[in-house]
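> When you get a sec, could you give me coordinates for this:
(one chain, ligands or ions: 1)
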Amino acid sequence: MKILMNTELVSRSDAKVDIEDRGYQFGDGIYEVIRVYDGEIFTLDEHMERLERSAKEIKITLPCSLSELKERVKELVSVNAVHDGGIYMQVTRGVSARNHLFPGADVKAQLIAYPVPSKRPEELQKSGVEAMTLEDIRWKRCDIKSLNLLGNILAKQEASEADKFEAVMIRDGIVTEGSSTNFYAVKDGTVYTHPANHYILNGITRMKIIEACGHAGIPFEEKGIRAEDLHQYDEVFISSTTIEVMPVIRLDNLEYSGGRPGPVTQSLQKAFRNLLP
Ligand code: PDD
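You can find the predicted model right below:
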């Protein structure tokens with residue numbers, strides 16, 4: 001397998017990370033997960049723009065321009081003959097003696113990207129999944145796709161230990177998002193989701209779902225969903241690059257549309273698939 005290290009494609013065995021890489025020591029970096037369908041990179045521009053935004057928000061200078069990076073990612077996909085799968089990419093602030101302060105400008109950001117297996121979870125998309133709510137203990141810049149994922153992984157682990165697919169997080173009584181997904185609830189045919197502010201990651205799949213709602217004539221509204229109102233909704237679903245539109249049939253002790261994916265979620269699954277290569 002070839003790995004993209006900064007702007008070079010190198011063999012897996014040559015791709016080494018330094019013990020003083022700030023990503024390793026501080027989680028000081030950002031990442032993206034990108035999907036490849038039929039050999040085509042889905043929403044590459046959007047992912048690269050989000051990477052650039054995350055970098056800017058934490059004052060990291062990317063190792064090359066976005067247009068060069070896109071070319072390198074295309075090469076990576078082609079050299080590794082990725083047909084259906086994913087690309088993981090991360091950028092750290094670079095390697096320097098451990099110190100909380102940023103290193104000098106001579107220290108360059110370190111980028112790596114490589115193919116990861118990813119299959120559409122078609123069975124689960126048909127059956128739906130169960131989820132549980134947990135307190136959102138994360139920091140207040142969840143809009144940055146940061147490598148610091150402790151709050152997310154602790155929540156995902158707790159959900160998994162309770163045999164749930166996802167942890168749906170609640171901050172000050174409002175549902176924010178899942179531990180690695182965006183969250184939506186449907187009422188009387190309208191899809192509601194948290195506004196894209198500092199409390200959630202503005203998912204690329206979320207943006208595409210807004211587009212898909214437009215195509216399918218499904219009304220869409222950004223608003224904070226109160227945890228105490230969750231029982232009033234007809235359907236609930238979550239989304240991400242890897243799971244696309246995933247119905248949630250049970251959330252804590254609430255069951256939605258008779259424990260089966262609801263009609264609006266199913267229409268959106270179809271409309272979303274129509275946007276794929
Ligand atoms: N997670 N919210 C959080 C906290 C996420 O980690 C993700 C993605 C999303 C959905 O974003 P997108 O639609 O751009 O994938 C929302 C990725 C897949 C991960 O960490 O593996």
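
> What ranges does the chain have for its helices?
For the chain, the helices defined by DSSP state H occupy 22-26, 44-57, 66-79, 122-127, 150-161, 204-216, 263-273.

> Of all the ones you listed, which one is nearest the ligand?
The ligand lies closest, by C-beta to the nearest ligand atom, to one member of these: helix 204-216, at 3.2 Å. (C-beta placed from N, C-alpha, C; glycine too.)

> tell me the pLDDT at the closest residue to Y233 other than its chain neighbours?
In this structure, Y233 finds its nearest non-sequential neighbour in A185, 4.0 Å apart by C-beta to C-beta, 6 or more residues apart in numbering. At A185, the pLDDT value in this model is 98.

> Kindly report the same for I87.
98.

> next one: the one 4 residues further on
In the predicted model, V91 carries a pLDDT score of 98.

> Contact partners for it?
Residues near V91 by C-beta atoms under 8 Å, 6 or more residues apart in numbering: 29-31, 51, 55, 60, 62-63, 109-111.

> again, 10 Å this time
When contacts are counted by C-beta atoms under 10 Å, 6 or more residues apart in numbering, V91 touches 6, 23, 28-32, 51, 54-55, 58, 60-63, 69, 109-113, 147.

> Check I112 too.
Residues counted as contacts of I112 (C-beta under 10 Å, 6+ apart) are 3-6, 10, 15, 17, 21, 23, 29, 31, 88-92.

> between these, which is nearest E46?
M89 (13.3 Å; C-beta to C-beta).

> Number of residues surrounding the residue nearest to Y233?
A185 has 22 neighbours, counted by other C-beta atoms under 10 Å.

> Ok, D136 next?
23.

> now swap in N6 and tell me
N6 has 17 neighbours, counted by other C-beta under 10 Å.

> quick one: it and Q110 touch, right?
Yes - using C-beta atoms under 10 Å, N6 is in contact with Q110, at 6.8 Å.

> Find the residues that touch each one of the two.
Counting by C-beta under 10 Å, 6+ apart, the residues touching both N6 and Q110 are 63, 91.

> What ranges does the stretch 51-200 of the chain have for its strands?
Using DSSP state E, counting those that start in this stretch, the strands of the stretch 51-200 of the chain run over residues 85-92, 110-116, 129-135, 166-171, 174-178, 182-187, 190-193.
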